[in-house]
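[1] Give me a 3D structure for the following:
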Amino acid sequence: MKGTTKILAVLLFIFAAIQVNAQNAYKFGHIDSQKLLQSLPESAEAQKALEAEGKSIQDQLETMQVEYNNKVNDYVENDKLPVGEAKKWSNIVKSDKEKEIQNLGKRVQEFQMTAQEQIQNKRAELFKPILEKVDKAIKDVASENKFTYIFDISVLLYHSDDSIDITSMVKAKLTVK
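    Below is the predicted model of the structure:
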């Protein structure tokens, strides 16, 4: 009976040692992806291209908005004219102007929605190769340094001192290739 107890105690001790060893085998790393992306020249170039696209769209939107505001102001000014004034629009002209304003307002809204979608698509197009390159570099660093998990601190609430910041390693990997 004593021999069985000793064997069980030894097995329990070995099992506990294996568990502790397995727990220590995890290696955690973290990266600041926003900081990393901002430091890449490719990101700055993509951002400039995106801003140029946005500027072009913004200029067109402002032109449409000015046209809309002018039509609304003309309508309001004409509506203020006293009845019988020569410049006052007839009911049919007034109705036509209302439809014109509504249609232009609808066009402006549709343009805004289409523009937002276009900018999002352009952003995805410009940043996709950059993000793929960064993702590959992160995976390479994780594999080479035997990390179990890599976390992005931009979406992480807390990380301990046991977690290793791999941002500089990934930057080095990106500049090598």
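
[2] which residues touch stretch 93-105?
    64, 67-68, 71-72, 74-75, 78-79, 89 (Cβ atoms under 8 Å, 6 or more residues apart in numbering). Where C-beta positions appear, they are placed from N, C-alpha and C, glycine not excepted.

[3] what's the average pLDDT for the helix ranked longest in the chain?
    Secondary structure of the chain read by DSSP state H shows that its longest helix is helix 91-144. Mean pLDDT, helix 91-144: 94.

[4] Tell me how many other residues crowd residue 157.
    5 (other Cβ atoms under 10 Å).

[5] right, and the secondary structure at it would be what?
    coil (DSSP: H, G, I helix; E, B strand; the rest coil).

[6] Need the per-residue pLDDT for it.
    73.

[7] From residue 168, how far off is residue 35?
    Separation of residue 35 from residue 168 (Cβ to Cβ, to the nearest Å): 10 Å.

[8] do residue 127 as well
    When residue 127 is compared with residue 168 (using Cβ to Cβ), they lie 22 Å apart.

[9] Tell me which of those two has more neighbours.
    residue 127 (17 against 11).

[10] Now do the contacts for that one.
    Counting by Cβ under 8 Å, 6+ apart, residue 127 has contacts 43, 46.

[11] hmm, back to that, determine how far the longest helix of the chain lies from the middle of the whole chain.
    Centroid separation for helix 91-144 versus its chain: 13 Å, with Cα atoms, centre = their mean, to the nearest Å.

[12] after that helix, next one along is what?
    strand 149-152 (DSSP states H and E).

[13] Now that following strand: buried residues?
    Buried positions in strand 149-152, judged by neighbour count with 16 or more other Cβ atoms under 10 Å: 150-151.

[14] tell me which strands and helices that strand is in contact with?
    On a contact count with 3 or more Cβ pairs under 8 Å, 6 or more residues apart in numbering; DSSP states H and E, strand 149-152 meets strand 28-31, helix 91-144.

[15] do that again at 10 Å, thanks
    For strand 149-152, the packing partners by 3 or more Cβ pairs under 10 Å, 6 or more residues apart in numbering; DSSP states H and E come out as strand 28-31, helix 33-39, helix 91-144.

[16] quick one: which of the ones you listed is nearest residue 60?
    Residue 60 lies closest to helix 91-144 among the helices and strands packed on strand 149-152, at 7.3 Å (Cβ to Cβ).
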